[in-house]
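[1] Would you be able to build a 3D model of this:
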Amino acid sequence: MLLFLDTEFTDFAKHDLISLALVGEDGREFYAERTDYQRDVCSQFVHQEVLPLLGRVPGAQCTQSEF
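    Have a look, this model is predicted:
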């Protein structure tokens, strides 16, 4: 089975995982967003393009330990 992976993280230099999405070729999906990532190290791109999109999937928010 093929899995397609997409992640978002804070920055290339000081990376901290923000979200993870997995989609199987059979259509099954997994998506999670961390609520405890390091906002203070997010790049300008992440602030502009990624953070405004978070919180749109009910039940996807979790902490790193829940992840």
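[2] Listing request: residues of this structure with sub-threshold pLDDT.
    Across the chain, nothing is flagged by pLDDT under 70.
[3] Where does the residue nearest the centre of it fall, secondary structure wise?
    Centroid check for the chain by C-alpha atoms, centre = their mean gives S19 as the closest residue, at 0.9 Å. Using DSSP states H and E, S19 falls within strand 17-24.
[4] Show residues contacting that strand.
    1-10, 29-34, 37, 46, 50, 54, 60, 64, 67 (C-beta atoms under 8 Å, 6 or more residues apart in numbering). C-beta: built from backbone N, CA, C; applies to glycine.
[5] Now the helix or strand just after that strand: buried residues?
    Counting by DSSP H and E, the next helix or strand C-terminal to strand 17-24 is strand 29-34. Residues 32-34 are the ones in strand 29-34 that count as buried (16 or more other C-beta atoms under 10 Å).
[6] Could you tell me which residues make contact with C62?
    32-35 are the contacts of C62 under C-beta under 8 Å, 6+ apart.
[7] State the paired neighbours of the strand holding S19 in the sheet, together with their directions.
    Strand pairing for strand 17-24, using DSSP bridges, gives strand 3-9 (antiparallel), strand 29-34 (antiparallel).
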